[in-house]
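Novice: Pasting the sequence and the predicted coordinates here, then a few questions.
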Amino acid sequence: MDFVTPGYRPSRLSGVEVWHHAEEAADVVARLALLVCDVAAAMEVELGCKPSCTLRLCVYHSNDNAATALGRNVPPTMLMAPRLASDWSLIVCQSPKVDPRNGDWPQMRRHLAHEVAHVMLADLTGGTRKLGDGGHSLRIRSWFDEGFAEVAAAVVCARPDIIERYLATPSETAWSEDELDAALDDIGSPRRPAAFAEAVRRVQVGYRGRTLRDVVHEMEAVARL
Ligand SMILES: [Zn+2]
């Protein structure tokens, strides 16, 4: 299966299919499944709908496994959603064995919520993505995708302080949508953190006083490519 290390096996826990190494700690696998299930349920309440795709999670047992499966070097705390599609979507993360910060469960919950938001948004808009395809089939702009995922994660994890921190970051420039998308699509761009803050600001303006469901329905047309 794409982006899953050969030899990993699935466990079905809390309604989530988790692919993992045979020696991954059972309590880690169970905890991660519970976190995904928990944030997905909270996101469904906020958005008023369930995703139609099956949600899969892969927990890499080593950073080497992650780099090989994804075809690129990644930081030891990296999470991402390398496959978004109507049949099944995949979120990947790394074991606490790779980096102890991966066992910071409140932080992991928020990071997983960010990835689940990408899954829900692709599902709602009929978009697809496979890591390395350039994101051309996503049907929403990168700035909306990233800004929405970060705002949605803060909402379902009750962390308004995170949004406030982004809003307090002074805007470096008058970004065009194309510039924002380019900076967000290039993982190595030095402008990526500033672009991220700007994306959050733009989505937050649409969210104030509304629900996440309103944000998707009202901003989708604006953000659509
Ligand atoms: Zn993201």
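Specialist: Perfect, I can see it now. Numbering: from 1, shown residues only.

Novice: what's downstream of whichever strand or helix holds Leu180, the next helix or strand?
Specialist: If you go by DSSP states H and E, Leu180 is part of helix 177-185. With elements assigned by DSSP H and E, the helix or strand that comes after helix 177-185 is helix 192-207.

Novice: so what secondary structure elements neighbour that following helix?
Specialist: Packing partners of helix 192-207 (3 or more C-beta pairs under 8 Å, 6 or more residues apart in numbering; DSSP states H and E): helix 142-156, helix 160-168, helix 177-185, helix 212-223. Using the backbone N, CA and C atoms, a C-beta is placed for each residue, glycine as well.

Novice: Turn these into a markdown table, including mean neighbour count and distance to His111.
Specialist: Output for the helices and strands packed on helix 192-207, formatted as a markdown table (neighbours: other C-beta atoms under 10 Å; distance: least, C-beta to C-beta, whole Å):
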| stretch | mean neighbour count | distance to His111 |
| --- | --- | --- |
| helix 142-156 | 25 | 8 |
| helix 160-168 | 13 | 12 |
| helix 177-185 | 18 | 17 |
| helix 212-223 | 17 | 18 |
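
Novice: Turn those helices into TSV, columns for distance to the ion and mean pLDDT.
Specialist: Formatted as TSV, the helices and strands packed on helix 192-207 follow (distance: least, C-beta to the ion, whole Å; pLDDT from 0 to 100):
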stretch	distance to the ion	mean pLDDT
helix 142-156	5	94
helix 160-168	14	91
helix 177-185	8	92
helix 212-223	15	72
